[in-house]
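In: I'll drop the sequence and a predicted model, then ask my questions.
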Amino acid sequence: MQDLVNELNQYRHNLNKAIEELKKRGQVKAKTERDYRVELSKEILRLRAEGIPVTIINDLARGNEKIANLKMERDIAESLYESNMQYIYSCKINIDIVQKQIEAERKGE
């Protein structure tokens, strides 16, 4: 029984750390999204000012190396955020499982 309580406490500790990390990753995710959108807008305006046909501006802007790198950073930040969310869900499930095991032992099942 003590092993289960220790396991439960470890999952709770991991969950709390993951929630703290999620806040940081959420801020990074938001910042990278902002940076990408701002630079993409600037590039689109620059291309329009140069008289590039509107039909190809989006492709050209997204093909710009700086814009592509910002998009990659945004996608990585989003992936890390989602990965952290999945870890939190996993911790919650494991906590629930261990709590049920503890209840079963207490009832003598």
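Out: Received it, and whenever you're ready, just let me know what you need. Since the model is a prediction, treat every value here as computed from it, not as a measurement.

In: how much space separates Met85 from Ile19?
Out: Using Cβ to Cβ, to the nearest Å, Met85 is found at 10 Å from Ile19. Bear in mind the C-beta positions are built from the backbone N, C-alpha and C, glycine included.

In: helices or strands up against whichever helix or strand Asp75 is part of?
Out: In this assignment (DSSP states H and E), Asp75 forms part of helix 65-107. Packing contacts for helix 65-107, counted by 3 or more Cβ pairs under 8 Å, 6 or more residues apart in numbering; DSSP states H and E, involve helix 2-49, helix 54-63.

In: surely Cys91 meets Tyr11?
Out: Yes - Cys91 lies in contact with Tyr11 (Cβ atoms under 8 Å); the separation is 5.4 Å.

In: overlap in contacts, these two.
Out: Both Cys91 and Tyr11 lack any common contact, where contact means Cβ atoms under 8 Å, 6 or more residues apart in numbering.

In: tell me the pLDDT at the residue nearest to the spatial centre of the chain?
Out: In the chain, the centroid-proximal residue (Cα atoms, centre = their mean) is Tyr81; its distance is 1.0 Å. As predicted, Tyr81 sits at a pLDDT of 97.

In: do Gln27 as well
Out: 98.

In: hmm, who's touching stretch 61-75?
Out: Contacts for stretch 61-75 (Cβ under 8 Å, 6+ apart): 29, 32-33, 35-36, 39-40, 43-44, 47.

In: residues contacting Ile57?
Out: By Cβ under 8 Å, 6+ apart, the neighbours of Ile57 are 44, 47-48.

In: how about Tyr81?
Out: Tyr81 neighbours (Cβ under 8 Å, 6+ apart): 22, 25-26, 28-29.

In: low-confidence stretches in the chain?
Out: For the chain, applying pLDDT under 70 flags the ranges 109.

In: hmm, try it at 90
Out: Applying pLDDT under 90 to the chain picks out residues 1-2, 105-109.

In: got the contacts of Tyr81 as JSON lines, with neighbour count and distance to Lys71 columns?
Out: Shown next, in JSON lines, are these (neighbours: other Cβ atoms under 10 Å; distance: Cβ to Cβ, whole Å):
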{"residue": "Leu22", "neighbour count": "17", "distance to Lys71": "22"}
{"residue": "Arg25", "neighbour count": "20", "distance to Lys71": "18"}
{"residue": "Gly26", "neighbour count": "14", "distance to Lys71": "19"}
{"residue": "Val28", "neighbour count": "16", "distance to Lys71": "15"}
{"residue": "Lys29", "neighbour count": "20", "distance to Lys71": "13"}
